[in-house]
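> below is the sequence, then the predicted model.
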Amino acid sequence: MKIDAHNHPDWHGHDLARFVANMDAHRIDRTWLLTWIAPSDEFAPNYNASILPGPGGPIPFGRCLRYVERAPDRFVLGYAPDPRRPDAVDRLRAAVSIHGVRVYGELKLRVRYDNPDVLRVFRACGELGLPVVVHIDYEFDTGTTYPRPNWWYGGGLTAFEAAVQACPETTFVGHAPGFWAHISADGQHDQVPYPTGPVVPGGALSRMFRTYPNLYADLSAGSARNALSRDTAHAREFVLEFADRLLYARDGFGGELDGILNGLDLPRAVMEALSAGNALRLVPL
């Protein structure tokens, strides 16, 4: 079995029919379908070329729900209401009860993830048994001023680690450049989104995985692929050590991750855990 643990509806030109056809082409059985709920001034306008924002954010809950209702055997429903809303927990509980939401994600907001309002939602996710998928990005000098000088999310790894520590009953799934840059101790995490060069041992991710049993990560997007491909010798050791915490995921529609994982010459049991076993442990079907 193969599960894509991070993707979005109507993403990069894929409607439902193209999405399911792409899953079939890549032999993917199920996809975690995630929202992105955010105010209009918290995401870059160039996203409008690949998505059509709706009420509530770039990827509203209604779009995920429509996919799941039309193809319930192919998708796992996700939803991440903005935790700054006073009714965020109520909305989440209703979505779980009425629509069967199984994942809180994707959280991608310009707020520190150790904010008390955010922690309240994280703790509710622990009570509800929902894994939390977070996006982390650091501030960079983008060379622009408007509409924003940069697009940071989450407050960096320090804020995220504080949340993971404060909510031991909640399962967290790390994602995005500001997370995966910490595979290395080279200090590039707040300098460039996609660091290059051999991995310097002692990266914060290894320490966090060893410290927090409630921390997982998905292997989606260019950030995870870059982290694995920049130093394949280190990548193999990293994947083998944390094989029970990593989830196959794409955040897109290509098969690049398959090529990277196949190139690491991993044992069959590890490939099975990455492909579906770990995701099934977090969200049983």
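Here it is on my side, so go on. Quantities reported herein were computed from a predicted structural model and do not represent experimental measurements. Numbers count the residues shown, from 1 in each chain.
> list the contacts of His14.
22, 253 (CB atoms under 8 Å, 6 or more residues apart in numbering). (C-beta placed from N, C-alpha, C; glycine too.)
> how much space between it and Leu33?
12 Å (CB to CB, to the nearest Å).
> helices of this structure, start to end?
For the chain, applying DSSP state H gives helices covering 16-25, 61-70, 88-99, 116-128, 156-166, 177-180, 204-211, 221-229, 232-241, 256-263, 268-272, 278-282.
> just those helices: most buried one?
Sort those by mean neighbour count, taking mean count of other CB atoms under 10 Å, and helix 177-180 sits at the top with a mean of 26.
> return the alpha-carbon coordinates of that helix using PDB.
Output in PDB follows, covering the C-alpha atoms of helix 177-180 (Å, rounded to 0.1, in the frame of the first residue of the first chain):
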ATOM      1  CA  PRO A 177      12.000  24.600   4.300                       C
ATOM      2  CA  GLY A 178      12.200  25.900   7.900                       C
ATOM      3  CA  PHE A 179      11.900  22.400   9.200                       C
ATOM      4  CA  TRP A 180      14.000  20.400   6.800                       C
END
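> which helices and strands does it pack with?
Contacts defined by 3 or more CB pairs under 8 Å, 6 or more residues apart in numbering; DSSP states H and E place helix 177-180 against strand 132-135, helix 156-166, helix 221-229.
> can you lay out the ones you listed as CSV showing mean pLDDT?
CSV is the format used below for the helices and strands packed on helix 177-180 (pLDDT from 0 to 100):
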stretch, mean pLDDT
strand 132-135, 98
helix 156-166, 98
helix 221-229, 97
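> possible to save the helices of the chain as a markdown table with distance to Ile136?
Formatted as a markdown table, the helices of the chain follow (distance: least, CB to CB, whole Å):
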| stretch | distance to Ile136 |
| --- | --- |
| helix 16-25 | 26 |
| helix 61-70 | 22 |
| helix 88-99 | 20 |
| helix 116-128 | 13 |
| helix 156-166 | 6 |
| helix 177-180 | 3 |
| helix 204-211 | 11 |
| helix 221-229 | 9 |
| helix 232-241 | 18 |
| helix 256-263 | 19 |
| helix 268-272 | 25 |
| helix 278-282 | 19 |
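> tell me the mean pLDDT over stretch 196-216?
Stretch 196-216 shows a mean pLDDT of 97.
> surely Ala95 meets Phe61?
Yes: the criterion here is CB atoms under 8 Å, and Ala95 meets it with Phe61 at 7.0 Å.
> anything in contact with each of the two?
Common neighbours of Ala95 and Phe61 (CB under 8 Å, 6+ apart) are 79, 81.
> measure Gly62 to Leu92 for me?
Going from Gly62 to Leu92 by CB to CB gives 15 Å.
> actually Gly56, sorry about that
Distance from Gly56 to Leu92, by CB to CB: 14 Å.
> do the same with Ala21
Distance, Ala21 to Leu92, using CB to CB: 32 Å.
> likewise Pro72?
From Pro72 to Leu92 the distance is 20 Å (CB to CB).
> and for Val283?
15 Å.
> again, but for Asp24
Asp24 is 31 Å from Leu92, by CB to CB.
> and for Met1?
From Met1 over to Leu92 the distance is 28 Å, taken as CB to CB.
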